[in-house]
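Student: Model the following, please.
(chains A and B)
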Amino acid sequence: MPSLGADMEHGKIVEWLVKPGDYVRRGDLVAVVDTDKTVMDVESFQEGVVADLLVEIGETVPVGTPLARITQTPAEVGPPSPGPPPRPPSAQAPPAAQATTVQGAPPAGQTTTVQAAPPIAPPARHLAHRLGVDTGRIHGTGKGGAITRADVEHAVAARPPRAGRVRSSPRARRLAAELGVELSSVPGTGPEGAVTVEDVQRAAAHPVGESVPEGAPAPEAAALAATEAPRAEPPAEPPAPEAPAEEQPSAARERVATLRRAIGALMSRSKQTIPHYYLSTTLDLRAAVGWMQSVNAQRPVASRLVPSALLLKAAALAAKDVPEVNGFYLDGAYRPSAAVHLGVAVALRQGGLVAPAIHDADTLPLDVLMEQLRDLVSRARAGRLQRAEMADPTITVTNLGDLGVDSVYGVIYPPQVAMVGFGRVLEQPWAEHGMLGVRAAAIATLSADHRVSDGLRGGRFLARIDELLQKPDEL
Amino acid sequence: MNEQDARAAVRAALGKVAPDVELDDVGGDARFRQDLDLDSLDFLRLVETIDTATGVDIPERDYPAVATVDGLVSYLAAHG
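Tutor: Next comes the predicted model:
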């Protein structure tokens, strides 16, 4: 069980995305973990064949508990059971030879891989995992016998129909209850024909023989609904024996309360251990907002920018320039971070907040950052974040001003050492060179850790943000 | 587009962006940002969803006119 955030002590497996015998690469999603804060996808830290799943669905285990045993490849690809000594997933870097199999020319060892399993591109492999298809039994029709998505889909279509009992994940059942979908009428595409969340969403979007109830959530929205309590009892289908007990209808309130407690515990720790100091400055946004409006006027709505994107990019670049605000304070020492993983505080509609990271935000072109911001926020709200996004932020930005306040002084997320706040962008009277004019402006604040920096450096950070925003086309 | 179609489009788009909001429960003068808690990204998604569904691309300079439920409905009725 990897740590998905500084404050995380344990996690619950709610779904396995792989099964014994599956081949996984580093970064492949293997499990869905429920923490106190959100539901997250966890990726594999190793390449190899899944030998054993060590934690049952529904089981809560402390951080550090091995979740699965992965037999390392390429040397030992083969039947999963008699694997080499157990190796829990860990954050260690893989041996160089394995890393190279991902890119470039295949090293010698890879021949074994090819023999054991036909070549298969990651998207098709991921699909096969999801659908529970054994790729070893598929005849590949792609280039060089490679297995294509179509091959996987054919294999699914050719599968014998499943028996009477409806297999389904707990989340799928909860969602089905929520949306009033009859589970037995939903065609399952999960392992062994199990009904997945996606299947339920599809069924809700295209109901058979009846219309969607007025105001029923659309598919995208349904993911969000999955984090809320079912309003109706689950359907009468007997749950799969290995499935955990259903959550009570009060689950949503319970989740919000748990999240609130987790936030409270973390913030108390922050205030008790971090000597905060606070600064603020008013950002002159005339150039930035003017530039953004002229760019947006040329663009379709899907690729328009919001002021937050410019502010986040400027904050990331400034953090790169002032290393005292970007890093972790751990075990009595400050470790600045070379990379800027910008945490973005996202308010959840049902209450509470999470602050996942945009990785390497300082290096991303503005459009890419905007795209990632939108993706991150929508997944945060849907409760589907990835481990690294929760664990990695090196500095966090809160943009509460977007909803109307002039300034916000955040509480630092330990072990980070700084929290940046942006107030709302609004027109203000602005005096310069003895003249009075009107400009777009916003108040930027910094809460920073006095063990690491003091006001002079903190002030430099805020001033740098303002400087960067004067040349928005270079952001 | 008539008023009814416009309202249906707003209802559908809002259902995607803020599924917890039921259009019939809020007044026509409800403001998306302040009253319905949509942030700038939510609002952008609302505008995008409307564009995809109705073909009405609301330029940024018209955002003040569509800041409320009724404002958006009338805007769509006039431009759709």
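
Student: And what about the closest residue to chain A within chain B, helix, strand or coil?
Tutor: The nearest approach of chain B to chain A comes at B:P19, 3.8 Å away (Cβ to the nearest Cβ). C-betas here are computed from N, CA, C, even on glycine. Each residue gets one of three states, and B:P19 gets coil by DSSP: H, G, I helix; E, B strand; the rest coil.

Student: repeat for the one 10 residues further on
Tutor: For B:D29, the reduced secondary structure class is coil; criterion used: three-state DSSP.

Student: who are the neighbours in contact with it?
Tutor: By Cβ atoms under 8 Å, 6 or more residues apart in numbering or on different chains, the contact list for B:D29 reads B:68-70.

Student: Same question for A:T141.
Tutor: Per Cβ under 8 Å, 6+ apart, neighbours of A:T141: A:147-148, A:150-151.

Student: element containing it?
Tutor: Applying DSSP states H and E as the criterion places A:T141 outside every helix and strand.

Student: quick one: secondary structure of B:R61?
Tutor: Under three-state DSSP, B:R61 comes out as helix.

Student: Quick check, it in contact with A:S294.
Tutor: No. B:R61 is not in contact with A:S294 according to Cβ atoms under 8 Å; the separation is 11.0 Å.

Student: So which of the contacts of B:D29 sit within helices?
Tutor: Those of these mapping onto helices are B:69-70, per DSSP state H.

Student: Would you write a PyMOL line that selects the buried entries of the contacts of B:D29?
Tutor: Remark: buried members of those, expressed as a PyMOL selection using 16 or more other Cβ atoms under 10 Å in any protein chain shown:
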select buried, chain B and resi 68+69
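
Student: From the contacts of B:D29, pick the one nearest A:V61.
Tutor: Distance to A:V61, by Cβ to Cβ, is smallest for B:V69 among these, at 46.9 Å.

Student: State the pair within the contacts of A:T141 that is farthest apart.
Tutor: Distances among the contacts of A:T141 were taken as Cβ to Cβ; the most separated pair is A:I147 and A:A150, at 9.2 Å.

Student: Between these two, which has more neighbouring residues?
Tutor: Higher neighbour count among A:I147 and A:A150: A:I147, with 25 against 11, using other Cβ atoms under 10 Å in any protein chain shown.

Student: can you give me the end-to-end distance of stretch A:61-70?
Tutor: 19 Å (Cα to Cα, to the nearest Å).

Student: in it, what counts as buried?
Tutor: A:61, A:66-70.

Student: who's in contact with A:T35?
Tutor: Contacts of A:T35 (Cβ under 8 Å, 6+ apart): A:4-5, A:8, A:10-12, A:390.

Student: My error: substitute A:V32 in the last question.
Tutor: Neighbours of A:V32 in contact, by Cβ under 8 Å, 6+ apart: A:13-17, A:39-42, A:171.

Student: which of those residues sit farthest apart?
Tutor: The largest separation in those, counting by Cβ to Cβ, is between A:V42 and A:R171 at 15.2 Å.

Student: now the helices: where do they sit in chain B?
Tutor: Counting by DSSP H, chain B has helices at residues B:3-17, B:40-54, B:69-79.

Student: any chance of the ones you listed in TSV, with mean pLDDT and distance to A:V354 too?
Tutor: Shown next, in TSV, are the helices of chain B (pLDDT from 0 to 100; distance: least, Cβ to Cβ, whole Å):
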stretch	mean pLDDT	distance to A:V354
helix B:3-17	91	19
helix B:40-54	91	15
helix B:69-79	94	29
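
Student: Look up how far chain B lies from A:Y334.
Tutor: Computed as Cβ to the nearest Cβ, to the nearest Å, the A:Y334 to chain B distance reads 33 Å.

Student: my guess is that residue meets A:G327, correct?
Tutor: Yes. Proximity of A:Y334 to A:G327 meets the contact threshold set by Cβ under 8 Å, at 6.2 Å.

Student: which one of the two has more residues nearby?
Tutor: Using other Cβ under 10 Å, the more surrounded residue of A:Y334 and A:G327 is A:G327, with 23 against 16.

Student: can you give me phi and psi for the more buried one?
Tutor: phi 160, psi -160 (degrees, to the nearest 10).

Student: go on, A:S280?
Tutor: phi -150, psi 160.

Student: Provide the secondary structure category for the closest residue to it other than its chain neighbours.
Tutor: Leaving out its chain neighbours, the residue that sits closest to A:S280 by Cβ to Cβ, 6 or more residues apart in numbering or on different chains is A:T445, at 4.4 Å. Classification of A:T445 by three-state DSSP places it in strand.

Student: now the helices of chain B as JSON lines including distance to A:L312?
Tutor: Shown next, in JSON lines, are the helices of chain B (distance: least, Cβ to Cβ, whole Å):
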{"stretch": "helix B:3-17", "distance to A:L312": "21"}
{"stretch": "helix B:40-54", "distance to A:L312": "12"}
{"stretch": "helix B:69-79", "distance to A:L312": "27"}
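
Student: Verify the stated contact: A:T282 with A:A440.
Tutor: No. Proximity of A:T282 to A:A440 does not meet the contact threshold set by Cβ under 8 Å, at 11.0 Å.

Student: Of these two, give the one with the bigger neighbour count.
Tutor: A:A440 (20 against 17).

Student: Wait, a helix at that one?
Tutor: No. In this structure, A:A440 is strand, not part of a helix, as judged by three-state DSSP.

Student: Show me what counts as buried in stretch B:28-48.
Tutor: For stretch B:28-48, a neighbour-count test (16+ other Cβ under 10 Å) marks B:30, B:32-33, B:36, B:38-48 as buried.

Student: just how off-centre is that stretch within its chain?
Tutor: Its chain's C-alpha centre lies 7 Å from the corresponding centre of stretch B:28-48 when counted by Cα atoms, centre = their mean, to the nearest Å.

Student: Please save the CA atoms from that stretch in PDB.
Tutor: Taking C-alpha atoms only, stretch B:28-48 is exported to PDB below (Å, rounded to 0.1, in the frame of the first residue of the first chain):
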ATOM      1  CA  GLY B  28     -34.100  32.100 -13.000                       C
ATOM      2  CA  ASP B  29     -32.000  34.800 -11.500                       C
ATOM      3  CA  ALA B  30     -29.600  32.300  -9.800                       C
ATOM      4  CA  ARG B  31     -26.000  33.200 -10.800                       C
ATOM      5  CA  PHE B  32     -23.900  30.200 -11.900                       C
ATOM      6  CA  ARG B  33     -20.800  31.400 -10.100                       C
ATOM      7  CA  GLN B  34     -22.000  32.900  -6.900                       C
ATOM      8  CA  ASP B  35     -25.200  31.000  -6.200                       C
ATOM      9  CA  LEU B  36     -24.500  27.600  -7.800                       C
ATOM     10  CA  ASP B  37     -20.900  27.400  -6.900                       C
ATOM     11  CA  LEU B  38     -19.500  26.900 -10.300                       C
ATOM     12  CA  ASP B  39     -15.800  27.900 -10.500                       C
ATOM     13  CA  SER B  40     -14.200  29.200 -13.700                       C
ATOM     14  CA  LEU B  41     -13.400  25.700 -15.000                       C
ATOM     15  CA  ASP B  42     -17.000  24.500 -14.300                       C
ATOM     16  CA  PHE B  43     -18.300  27.600 -16.200                       C
ATOM     17  CA  LEU B  44     -16.000  26.900 -19.100                       C
ATOM     18  CA  ARG B  45     -17.200  23.400 -19.200                       C
ATOM     19  CA  LEU B  46     -20.800  24.600 -19.100                       C
ATOM     20  CA  VAL B  47     -20.200  26.900 -22.100                       C
ATOM     21  CA  GLU B  48     -18.400  24.100 -23.900                       C
END
